[in-house]
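pasting a predicted model and its sequence here:
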Amino acid sequence: MFAFAGKKLIQLIVTTIGVVTLVFFTLRLIPGDAASAMAGDTLSGEALERLRDQMGLNEPLMSQYLTYWRKLLVLDFGETITTGLSAGELMRAAAPITISIALATIVVTVLLAIPLGTLAAFLAHKGKKGLDSLITGAAMVLDLMPSFWTGLFFLLFFSLTLGLFPASGTVSLENPGHFLQRIALPVMVLSVTQVATMARITRTAVLEVLSEDYIRTARSLGWSELRVLFRHALKNAALPIVTVVGLSFGSLLNGTVIVEFIFNIPGIGSLLVNGINSRDYQMVQNLIIVYALIFVTINFVTDLVYRKIDPRVSF
Amino acid sequence: MSMTGSAVLFSPAHPFPRVRGKFMQFLSNQKTQIGLLILVPILVLVVLAPYLPLQKPLQTNLRAMMQWPSWTFPFGTDRMGRDVLSRTLEGVKVSLLVGFSVAFISLAFGVVLGTIAGFFGRFVDRAIMTVVDILLAFPSLLLAIGLVSIVGTGIFPVIVAIAFADVPRFVRLQRSLVLGLRTRAFIDAARTMRASKTWLLFRHIVPNTIAPLLVAASIAAANAILVEASLSFLGLGIMPPEPSLGNIIRDGQTYLEQAWWISTLPGAVILAIAISLHFLSDGIRESLDPRART
Amino acid sequence: MTATRRDFLSGVLASTAASALSAGTARTASAQASTLRVRFYDDPAGFDPSNIFRIENENIAFNIFSGLTTYDSTSGKIVPDLAESWENKSNKVWSFKLRRGVKWQKNYGEFTSADVVYTYNRIVDPKTSSPYAAEFGNVESVEAPDPYTVVFTLKTPDGNFLHQVANYHQGQIVNKKAIEDAGDRVRWNPVGTGPYYLDFIDVNSRIILKRHADYFRGPAPIETLYFQIIKDESTATIALRNGEIDLIMRSNREENLDILAKAGFTLNKVDNYAALVRVVNPATNRALADVRVRHALAHAIDWEAVCKATGAQLQAPAHSLLLPWMDAYSPNVPRYEFDQARARKLLADAGAARGLVVRQLGTAAQGVTEIQQFEIDFLSQVGVTMRMELVDTPTFNQRRNRAEFELSSRLLPAVNPDTILFSYLHPSNAAPRGLNGARYDNPKVTSLLESARAEVDPAARKAMYVELQKIALTDMFYQPLYTSNVVWPGKKNVVGVRINYLAQVNFHEVSFA
């Protein structure tokens, strides 16, 4: 296990270095550097040159790269263009919001998808094709609905028509009640897609297990259907489900960008879209790296959990 | 999205049989037929659009603003009096172009790089897979967003950006398929008969990877269509007035109460296309891999 | 979690971190009558007058700072602010008598003439690198003979100088000690003499202003202004309808205004806040050098219909570079009514009857706006193909500043008519030095501009402005397209929201009915 974890950790570090390098150099390809973006149409040539000096953009590329690393290692992400505030602090304030949304979505998803998927598998196994295809069909449709599209309807319906959730307002962990109200809609929208995916995987996994010999044996021993289903089938189907929870994290992060945009949530997705709109490449660079790190770390954890469940696994 | 999920479901240990001769089986598959039933009419409409009595997609009409769906404007009109159906069809064209281009590019690069990595192994493999791992460290939409912020907006940049995020997934899939096939008994047999490496590769390995790749490609196409729509919705993809399903929905978003049709109908069309592609991918899988019918 | 939060806050606003934290939690709850909740539509970018930009930030600064003069919210006329009175000798030496007993916010003591001198020297100091330094380029010296008198000596006479010291950008008076205390966080620690002071800010979500109890015109009726950042227009509309906020700072979608008007909200509005102008650059497209072609472009588009279609409440056709409420405005200028037959004839006469292609520069970020789509349609009806050249924003700014375009557009919000006319029409501002992107250089106009600025007699000055507007609008290198209106929808019980011609609201005048 330790050797495995060590190997994975080295891989994680190599990937991280690669990610930072790739992002750094790619962003230097942009026409019009960060200084001219910052200057907008108000600064003239001379002032622009001074700004470039200040931002270190006149240094050789390699030394800019090394400086970037030096700062990154002490978690200095520089300042944002429009606000001049520390990018690190902004991200530290925004990240918990995005992560809360992602985690809440996972919880909701697991609670809904596993029973649904198991039910579908059970129905399929019992030959109740109609109900099963209804659930699978619905799952497919929900899975493929563009989340920005569903988001719009949710906003209109739940916020305006029903008045259940506020459309605006501070999103801050200092006020948990209001916080939950504000993230409820984004979590619902994201869950729609996630539940669909996971229910499908659960169904497939459980269905496969249901046709195994030992289940037949268990049944022939006269155990109740529910016991067979939940004690044995589901337990043995856990492996693919865990993997999917880990793997779906990527699409979950994708989704947070969209829902934060629609529901006006100041998470890191909003920072990213703002960064792009204000041509704040420094910020975009930081955020893409942060997203990658979150994602890579989650994958790392998934690998470990997977290995723990099934020691045969080798990557 | 579902891309990663489906890739996992392929177990390289059980490769698919050859594609040849399977086409009829594919066509007669029930899921294929459902998929085609949705996709073909949309395709026909898109192709026929210029000949239909529709207002041009960019044509504004000050006398027909925000009109309900009618015979003249089956999907209604938007605030500028533009025909939503004709814009939607133009958007579908863009979507399909993006979807298929991304699928094709990912497939092409994926097959070449994945085969090299899987078949030649060692240093080449490690080099390719390191890059792949780095690229896989970015959630796909986010990688696309980052790239679009560099390469700019428009159809071509969007295709490049989405494909860039998909290629590593295909490389990984192809590599695992090749790795699985390499050790298969029939290959060992072929090898003992002193078959050349190239012959092995093109006769036995690559053909056996086509089916799962096609399945993944059709899902990648659906995925790319959704990603393009999301990008355009965020204002980072295809810019107005060039219609794209994403930016039509974005434009109509503020009128949801007064003119629901502007956002709702193009959204339904995206959904229909994505569903049809998934049915087609199921169709491919079921007709080429008898085991897959669950 | 709390620790992180606190770190962040202290980073944002070092001096008030502790009080801010309690303020933040206490206030999210619900609406007290003494809190006005206002939608703020973008990320705040700081409130240092020397480098402030974008109207929403200026709106905050407008309520924190004061100038020597300010604008009357309704008439747009210059009125006293920190200066009680002023006099001038031949538009060259301006002296201001200051109010006594004006208190700085946050216990920074009493306001005196030294603050004025400090402020204006700071603006022109190259170290500040203020984009507004040029506004004081004409100032020879600023002196303070006593604590309540300030004297400006100008290099050349300027009859419009009172605009330069108004409560806007460079005109806003800052406190030396406060600036020094703020260190490199000046823009997040504004200290002024205005009706509200900055109490708390979280750049991701909200800005809280509190009433300045010692404000020289007396304390404002509303105690707390809670600016909530809501970028999306639809969300802002829903938030107002749900009662989550009281007032929307700028709503710019017609359909939302319709919904809100129907639902019984007040649409506070200022008309003709600024004119969008098409800049025609003859250097890059020879056809545009022909005055008939430029007139044809103006005749070809039905601006009345376009404005109505895209937002009848938000814009109206423009016929002048100046706005009707400006004292220098004149309605007696050539007008270009919608007349496509005439446009076609003009083009034919100019030998461009067929296949004239013009390129309009734009940003990829904005794309082709709805209005531009109409323009393209109308122009195509008279045989002119307008192609959009969409480039990324930095390139756009660069090319627009260097006059590397055939057609582009500009919106220059200003109260001082001289600012608008000088920027566009004077050759000293020719690109790349200034905003004269057409590189317009008409000696007659140049001399009129210079003598109007120096003229002491208001009537004579007005006559010169009228004359030069006539010439400029005959030459039509700067084509007025449409003026935009600013609308702040709000609840019925929020009264006194008077938007001035810089699109700002003086919250000292706002109260609950």
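Thanks, I have the structure now. Residues are numbered from 1 along each chain as shown, chains lettered A, B, ... in the order given.

quick check: mean pLDDT of whichever helix or strand residue C:310 is part of?
In this structure, residue C:310 sits in helix C:303-311 according to DSSP states H and E. For helix C:303-311, the mean per-residue pLDDT is 89.

show me what it is packed against.
helix C:254-262, strand C:315-317, helix C:370-381, strand C:478-490 (3 or more C-beta pairs under 8 Å, 6 or more residues apart in numbering or on different chains; DSSP states H and E). C-betas here are computed from N, CA, C, even on glycine.

so which bits of it are buried?
Buried residues in helix C:303-311, counted by 16 or more other C-beta atoms under 10 Å in any protein chain shown: C:303, C:306-311.

would the helix or strand where residue A:6 lies count as contacting chain B?
Element membership for residue A:6, per DSSP H and E: helix A:2-27. Yes - contact of helix A:2-27 with chain B (C-beta under 8 Å from any C-beta of the partner chain) involves A:11, A:14-16, A:18-19, A:22-23, A:26-27.

chain center to that helix: distance?
19 Å (C-alpha atoms, centre = their mean, to the nearest Å).

so what's residue C:196 up against?
Contact partners of residue C:196, counting by C-beta atoms under 8 Å, 6 or more residues apart in numbering or on different chains, are C:63-64, C:209-212, C:220, C:225, C:507-508.

please report how far it lies from residue C:36.
In this view, residue C:196 and residue C:36 are 11 Å apart by C-beta to C-beta, to the nearest Å.

again with residue B:252
33 Å.

between the two, tell me which one has more neighbours.
More crowded of residue B:252 and residue C:36, by other C-beta atoms under 10 Å in any protein chain shown: residue C:36, with 27 against 24.

what about residue A:52, which SS state?
Reduced to three states with DSSP: H, G, I helix; E, B strand; the rest coil, the structure at residue A:52 is helix.

how many neighbouring residues does the residue of the stretch 351-500 of chain C found nearest chain B have?
Among all residues of the stretch 351-500 of chain C, residue C:367 sits closest to chain B, at 3.5 Å; criterion: C-beta to the nearest C-beta. Counted with other C-beta under 10 Å, residues neighbouring residue C:367 total 19.

check residue C:57 too.
Using other C-beta under 10 Å, the number of residues around residue C:57 comes to 21.

using CSV, write out every CA atom in the host helix or strand of it.
Secondary-structure assignment from DSSP H and E places residue C:57 in helix C:55-64. Presented in CSV, the C-alpha positions along helix C:55-64 are these (Å, rounded to 0.1, in the frame of the first residue of the first chain):
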residue,chain,number,x,y,z
ILE,C,55,-19.0,54.4,-13.6
GLU,C,56,-20.0,52.0,-10.9
ASN,C,57,-16.8,52.6,-8.9
GLU,C,58,-17.2,56.3,-9.5
ASN,C,59,-20.6,56.1,-8.1
ILE,C,60,-19.2,54.9,-4.8
ALA,C,61,-16.4,57.5,-4.8
PHE,C,62,-18.9,60.2,-5.6
ASN,C,63,-20.6,59.6,-2.3
ILE,C,64,-17.4,59.3,-0.3
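
angle of it against strand C:478-490?
Between helix C:55-64 and strand C:478-490, the angle comes out at 60 degrees (axes from the mean of the first three to the mean of the last three C-alpha atoms, to 10 degrees).

contacting residues around the following helix or strand past helix C:55-64?
With elements assigned by DSSP H and E, the helix or strand that comes after helix C:55-64 is strand C:69-71. With C-beta under 8 Å, 6+ apart as the test, strand C:69-71 has contacts from C:77-81, C:83, C:86, C:162-163, C:165-168, C:171, C:415, C:500-502.

how about the strands in the stretch 51-200 of chain C?
Under the criterion DSSP state E, counting those that start in this stretch, the stretch 51-200 of chain C contains strands at C:69-71, C:78-80, C:83-89, C:93-98, C:139-146, C:149-154, C:196-202.

nearest to residue C:432, of these?
strand C:139-146 (24.2 Å; C-beta to C-beta).

check which residues of that closest one are buried.
For strand C:139-146, the neighbour count (16+ other C-beta under 10 Å) marks C:139, C:142, C:144 as buried.

packing partners of that strand?
Identification of packing neighbours for strand C:139-146 by 3+ C-beta pairs under 8 Å, 6+ apart yields helix C:113-124, strand C:149-154.

quick one, what contacts the residue of the stretch 351-500 of chain C closest to chain B?
Residue C:367 neighbours (C-beta under 8 Å, 6+ apart): B:153, B:239-241, C:390.

need those residues in a markdown table (columns: neighbour count and pLDDT).
Formatted as a markdown table, the contacts of residue C:367 follow (neighbours: other C-beta atoms under 10 Å in any protein chain shown; pLDDT from 0 to 100):
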| residue | neighbour count | pLDDT |
| --- | --- | --- |
| B:153 | 23 | 76 |
| B:239 | 22 | 79 |
| B:240 | 20 | 75 |
| B:241 | 20 | 78 |
| C:390 | 20 | 83 |
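
residue B:60: which of those is nearest?
Nearest member of these to residue B:60, counting by C-beta to C-beta, is residue B:241, at 9.1 Å.

surely the closest one and residue C:373 touch.
Yes - Residue B:241 lies in contact with residue C:373 (C-beta atoms under 8 Å); the separation is 5.1 Å.

just want the phi and psi numbers for the closest residue to residue C:100 other than its chain neighbours.
Take residue C:100 and drop its neighbours on the chain: the residue closest to it by C-beta to C-beta, 6 or more residues apart in numbering or on different chains is residue C:148, 6.0 Å away. Here is the backbone geometry of residue C:148 (degrees, to the nearest 10): phi -120, psi 20.
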